[in-house]
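Novice: model this:
(one chain, ligands or ions: 1)
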Amino acid sequence: MAGFSPNQAFEFLKKLSFERKSGSPEERKAAKIISYEMKKLGLKPRQEKFEVESFTMGTASLEVISPFRKKYGAWPLGYSVSTPPKGITAPMVYVDPLSPASIKAQKGKMILTESAPDAKLYKVIKNSGIKAIIRICPLGKNIYNKFFHGLPKKLGRIRGVSIKYEHGLEIIKRGAKKVRLVSKTTNRKSSSQNVVVEIKGTTLPDEIILVGGHYDSVPWSMGVMDNGAGSAMMMALAAYFVKKPLARTLRFVWFGCEEVGLVGSFEYARKHKRRLKDIKLMLNLDVGGSLIGRINAYATGSKKLATFAQVMGMETGAFRNVTESAVPSDATPLAEQGIEALSLTRSGSSGGQIHTSGDTIDHCGPEGFDLLGKYSIEFLRRVGNAVEFPFEDGLSDNVKSSMKKFMENIGRTYKAR
Ligand SMILES: [Zn+2]
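Specialist: Model prediction:
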């Protein structure tokens, strides 16, 4: 019996190793590649288009005016608002952690910080007369930061840029007091798509196991581990199961625009709301492929799912623990609708490169797909062929409270179901 092919997964990954910014022509190109490869397997992919608010990266600079003068490179936060062309001049203060009180105390100033504002803090920033947020990147990592898509949409835009860690350190050490910020970025409407393919179940075709993962990347990054790898894994899983269909239907969904705020999966859950009850379970694959690393598993579901996943993790040697929580990934919009989900990620040191230009194929190889593939096949085979479907309980109370917190952070109201 031919097994799962890590080599094939790695070959698929190579085909997706280019920058695939959310809502961009390159993202569309990746959707075409996935569709093309699925057609070659004899499957019938369909693309479900949706509108998305997107942004161009633009340019920015931060110039210290007093007590010394020096100009630093910066870049606008995604979904921020530009300054006037000549910039804005204001006092700047370093603040960490951000809190409603620490923000309100800086009225009329810019805030230099390492923290990311959640929905509550975003609202305070918006309403407290803060001139701008200057975010310091983690050491050795230039991340293209953005505000979570839903926040500016719901609460209005604020000004913000990122600067390098080294620059933040120098600015703080030298006691910068007053700065001029120039930032130019544009927001625009664009479109994206989820790619969907089905392998019909042999005896229970109306019961669906959804295998999902996002195929877009952040700007500046080829998004190889995050999440070319999960996308490639899904393609290899489809190649495997097309020859060995299960009792239940396997529906593969490659989500667009995850990186700007889980937009593709929220859109999927919204669009298919009436038919979501057919989806019995989700397996979410986000981040993988690295040669050096370990698998982390997250159950956004019942206690039973977490235990089942953990026992299987030990049985296959893939992992030993399962975290029961919401995840900042495409499983969460489905779990919001009551669908239990298991998310698998594989990372180690290389995980530090995610969302940077360092997320390259250099970290990866076929062996990076071994355990994830072995586990995924076995997991899907069991849930897809189960005589009695074991997961009907919905989310545990612990997971529900984790969901509530996550949704609040991104500015949504969570109604447990
Ligand atoms: Zn990801």
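
Novice: what does the stretch 251-400 of the chain put close to the ion?
Specialist: Asp286 (Cβ under 5 Å from the ion). C-beta coordinates here come from the backbone N, C-alpha and C atoms, glycine included.

Novice: residues contacting Lys200?
Specialist: Pro245, Thr249 (Cβ atoms under 8 Å, 6 or more residues apart in numbering).

Novice: what about it, distance to the ion?
Specialist: 29 Å (Cβ to the ion, to the nearest Å).

Novice: pLDDT wise, what is that residue at?
Specialist: Per-residue pLDDT puts Lys200 at 98.

Novice: now do the same contact list for the spatially closest residue to Ser35 that is not a sequence neighbour.
Specialist: Spatial nearest neighbour of Ser35, chain neighbours left out: Pro45 (4.1 Å); criterion: Cβ to Cβ, 6 or more residues apart in numbering. Contact partners of Pro45, counting by Cβ under 8 Å, 6+ apart, are Ile34, Ser35, Met38, Lys39, Val195, Val196, Val197.

Novice: which residue does the stretch 51-200 of the chain bring closest to the ion?
Specialist: Nearest to the ion, among the residues of the stretch 51-200 of the chain, is Ile143, at 13.1 Å (Cβ to the ion).

Novice: next, count neighbours for that residue.
Specialist: Residue neighbour count, defined by other Cβ atoms under 10 Å, stands at 17 for Ile143.

Novice: just Glu324 next, same as before
Specialist: 21.

Novice: show me the contacts for it.
Specialist: With Cβ under 8 Å, 6+ apart, Glu324 has these contacts: Tyr298, Ala299, Thr300, Lys303, Ala306, Ser396, Asn398, Val399, Ser402.

Novice: with secondary structure added, can I get those residues in a markdown table?
Specialist: Formatted as a markdown table, the contacts of Glu324 follow (DSSP: H, G, I helix; E, B strand; the rest coil):
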| residue | secondary structure |
| --- | --- |
| Tyr298 | strand |
| Ala299 | strand |
| Thr300 | strand |
| Lys303 | helix |
| Ala306 | helix |
| Ser396 | coil |
| Asn398 | helix |
| Val399 | helix |
| Ser402 | helix |
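
Novice: most neighbours of all the residues you listed, which one?
Specialist: Thr300 (31 neighbours).

Novice: surely it and Glu340 touch.
Specialist: Yes. In this structure Thr300 lies within contact range of Glu340 using Cβ atoms under 8 Å: 7.0 Å.

Novice: list the residues that contact both of those two?
Specialist: Shared contacts of Thr300 and Glu340 (Cβ under 8 Å, 6+ apart): Leu395.

Novice: distance of Leu204 from the ion?
Specialist: Leu204 is 31 Å from the ion, by Cβ to the ion.

Novice: dump the residue contacts of that residue.
Specialist: Taking Cβ under 8 Å, 6+ apart, one finds Ala247, Arg248, Thr249 in contact with Leu204.

Novice: tell me the bridge partners for it.
Specialist: Arg248 (DSSP bridges).

Novice: again, but for the one 5 residues further on
Specialist: Beta-bridge pairing for Ile209 (DSSP bridges): Leu250, Leu281.

Novice: can you tell me how far it sits from the ion?
Specialist: Distance of Ile209 to the ion, computed by Cβ to the ion: 21 Å.

Novice: please look at that residue and Val383 and confirm they touch.
Specialist: Yes. Counting by Cβ under 8 Å, Val383 is a contact partner of Ile209 at 5.8 Å.

Novice: can you check the distance spanned by stretch 102-117, start to finish?
Specialist: The straight-line separation of the ends of stretch 102-117 (Cα to Cα, to the nearest Å) is 12 Å.

Novice: can you give me the buried ones in that stretch?
Specialist: Ser102, Ile103, Gln106, Lys109, Met110, Ile111, Leu112, Thr113, Ser115, Ala116, Pro117 (16 or more other Cβ atoms under 10 Å).

Novice: ok, the residues you listed vs Gly256, which is closest?
Specialist: Nearest to Gly256, judged by Cβ to Cβ, of the buried residues of stretch 102-117 is Ala116 at 22.8 Å.

Novice: for that closest one, grab phi and psi.
Specialist: phi -100, psi 130 (degrees, to the nearest 10).

Novice: who touches it in this structure?
Specialist: Here Ala116 is in contact with Arg135, Asn145 (criterion: Cβ under 8 Å, 6+ apart).

Novice: cool, Thr113 as well?
Specialist: Tyr94, Val95, Asp96, Leu98, Ile133, Ile134, Arg135, Ile136.

Novice: adding neighbour count, write these out as TSV.
Specialist: Converted to TSV, these look like this (neighbours: other Cβ atoms under 10 Å):
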residue	neighbour count
Tyr94	15
Val95	20
Asp96	12
Leu98	21
Ile133	27
Ile134	27
Arg135	20
Ile136	22
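
Novice: list the residues that contact the residue of the stretch 251-400 of the chain at minimum distance from the ion.
Specialist: Nearest residue of the stretch 251-400 of the chain to the ion (Cβ to the ion) works out as Asp286 at 4.4 Å. Taking Cβ under 8 Å, 6+ apart, we find Asp286 in contact with Gly213, His214, Asp226, Asn227, Gly230, Glu258, Val327, Ser329, Asp330, Ser343, Leu344, Thr345.

Novice: now do the nearest residue to it once chain neighbours are set aside against Val242, distance only.
Specialist: Among residues not flanking Asp286 along the chain, Ser329 sits closest, at 4.5 Å (Cβ to Cβ, 6+ apart). The gap separating Ser329 from Val242 is 25 Å, by Cβ to Cβ, to the nearest Å.

Novice: counting neighbours, go ahead and name the busier of these two.
Specialist: A count of neighbours by other Cβ under 10 Å puts Ser329 above the other of Ser329 and Val242, at 26 against 15.

Novice: tally up the residues packed near Tyr36, please.
Specialist: Neighbour number of Tyr36 under other Cβ under 10 Å is 11.
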